[in-house]
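K.L.:
I'll drop the sequence and a predicted model, then ask my questions.
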Amino acid sequence: MRGFLLTGTYLLLAAGLCAQQLPEGPGRAEIEKNCKTCHELARSVSPRQDRDGWTHTMNKMAAAGMKTSEKDFGLMLDYLVKNYPAADVEPVNVNTATAIELESALSLRRSQARALLAYRNEHGPFKTINDLKKVPGIDAAMIETKKSRIAF
């Protein structure tokens, strides 16, 4: 009976993921085609990012093997920027965030997120934006543009 319940629960969850709909618009079909080959759609669109962040994510996917034309790449990028914007992102607490959370919320490269964590571990919690600007490898101007997405 337990196996039946687990199987039933799994089927319901899978049906919910399959039923997930992306908003209509140019680029939707390309997102569905390219992103579903490696992960579920919810994971593909879960980060809310600005154009730079989505460009970085898309370039990482291309480096990992995503094959698409320049035209489709542009359609996908425009679609993501329009439908999953950074404005929808909750501020990230830089004193408790993981590297992945920092990458997603602040559009940091992996090396920058690791540098921020190492600095935090060595120097203690950040108190101000100026503290973040002291982290080696972090662009102070970029931090300034992202300050509305940063919490302490």
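P.N.:
That came through fine.

K.L.:
In contact with the most centrally placed residue in the chain, which residues are there?
P.N.:
Residue closest to the average C-alpha location in the chain (CA atoms, centre = their mean): P47, at 3.0 Å. By CB atoms under 8 Å, 6 or more residues apart in numbering, the residues touching P47 are G53, T57, Y84, S104, A105. Every C-beta, even on glycine, is put in place using the N, C-alpha and C of the backbone.

K.L.:
Of the residues you listed, which is the nearest to V92?
P.N.:
Set against V92, the nearest of those by CB to CB is A105 (3.8 Å).

K.L.:
Which strand or helix spans that closest one?
P.N.:
Assigned by DSSP states H and E, A105 belongs to helix 99-106.

K.L.:
That helix packs against which elements?
P.N.:
If contacts are counted by 3 or more CB pairs under 8 Å, 6 or more residues apart in numbering; DSSP states H and E, helix 99-106 sits against strand 92-93, helix 110-123.

K.L.:
Identify all contacting residues around the first one.
P.N.:
The set of residues that contact strand 92-93 without belonging to it, under CB under 8 Å, 6+ apart, is E101, L102, A105, L106, R149, I150, A151, F152.

K.L.:
ditto for stretch 56-75
P.N.:
Outside stretch 56-75, the residues that reach it (CB under 8 Å, 6+ apart) are 26-27, 30, 34-35, 37-38, 47, 49, 76-77, 80, 107, 109.

K.L.:
okay if I get those as JSON lines plus distance to E90?
P.N.:
Output for those, formatted as JSON lines (distance: CB to CB, whole Å):
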{"residue": "P26", "distance to E90": "28"}
{"residue": "G27", "distance to E90": "25"}
{"residue": "E30", "distance to E90": "28"}
{"residue": "N34", "distance to E90": "27"}
{"residue": "C35", "distance to E90": "23"}
{"residue": "T37", "distance to E90": "29"}
{"residue": "C38", "distance to E90": "26"}
{"residue": "P47", "distance to E90": "12"}
{"residue": "Q49", "distance to E90": "13"}
{"residue": "M76", "distance to E90": "24"}
{"residue": "L77", "distance to E90": "23"}
{"residue": "L80", "distance to E90": "18"}
{"residue": "S107", "distance to E90": "15"}
{"residue": "R109", "distance to E90": "21"}
